[in-house]
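Chemist: pasting the sequence and the predicted coordinates here, then a few questions.
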Amino acid sequence: MNKHAGVRVPTPDPRTPLYSLLATSAVTHSYVLQSVLEEGDMWSTALPGSCDHDTVVCSLTAHLGGDLRRHLLLGTYDQTVLVYAMGPDDGSSSGDEEDDDRDGTWQLVTKLLVGAPVLSLAFEDIVGDGVKKLLVLTADGVQVFSLEPQQVAAVLTHRLHQLLQADSSCPPAAPDAADLQRATRSLNF
């Protein structure tokens, strides 16, 4: 095991599944141990800012926001959900589960203050509209977090644009401001 946090030891075969383990502590950083089943290739990354909060009670991995980056959420006893993202936010992620862990590091992207100790986290489509929402169970009840409709419209427009570019039979047409405005208007409640 590499004893230097954040230093990568590359896995020789990118087709080999990569297994990770989250190790939390009440007195120090939480760590993601990666490539735990590969003999000699395990490496660890300290999660920045995780030592500034109370005990981690629960965790969740998900692809939030449609940006194809993997996110790691830590629910803490001090009423905070720490949201980490794998790798840079430059759109270079392929969305491949295996590639995500090999190509980046965990970065703290936001903190959600929920007003009571966090007991559980889930990321589900609870109203059947095809958009998943973050559910945070606290000692006081359930809180639901969702993307802004403009974010959903922007991600949808970007993905449609990518599909059109990938299809050689369709000429690439960049979405204009009117397209985005129409999509945003249709998503407002």
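Modeler: Structure received.
Chemist: alpha carbons only for contacts and neighbour counts from here, please
Modeler: Noted.
Chemist: and residue 49, how many neighbours?
Modeler: The number of residues packed near residue 49 is 14, by other C-alpha atoms under 10 Å.
Chemist: hmm, it is touching residue 108, no?
Modeler: Yes: taking C-alpha atoms under 8 Å as the definition, residue 49 is a contact partner of residue 108 at 7.3 Å.
Chemist: report all helices and strands that the strand or helix carrying residue 143 contacts.
Modeler: Assigned by DSSP states H and E, residue 143 belongs to strand 141-145. The contact analysis (3 or more C-alpha pairs under 8 Å, 6 or more residues apart in numbering; DSSP states H and E) places strand 141-145 against strand 133-138.
Chemist: what's the strand it packs on packed up against?
Modeler: Using 3+ C-alpha pairs under 8 Å, 6+ apart as the contact test, the elements touching strand 133-138 are strand 118-124, strand 141-145.
Chemist: just say which of the ones you listed is most tucked in.
Modeler: With neighbours taken as mean count of other C-alpha atoms under 10 Å, these reach their highest mean count in strand 118-124, at a mean of 19.
Chemist: now do that strand against strand 141-145, angle only.
Modeler: 40 degrees (axes from the mean of the first three to the mean of the last three C-alpha atoms, to 10 degrees).
Chemist: strand 118-124 pairs with which strands?
Modeler: Within its sheet, and counting by DSSP bridges, strand 118-124 is paired with strand 133-138 (antiparallel).
Chemist: alpha carbons only: can I get the partner strand in CSV?
Modeler: Extracted in CSV, the C-alpha atoms of strand 133-138 (Å, rounded to 0.1, in the frame of the first residue of the first chain):
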residue,chain,number,x,y,z
LYS,A,133,-33.3,13.9,-6.4
LEU,A,134,-31.1,13.7,-3.4
LEU,A,135,-33.0,12.5,-0.3
VAL,A,136,-31.4,13.3,3.0
LEU,A,137,-32.9,11.7,6.1
THR,A,138,-32.0,13.7,9.2
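Chemist: what are the contacting residues of it?
Modeler: 114, 116-126, 142-147 (C-alpha atoms under 8 Å, 6 or more residues apart in numbering).
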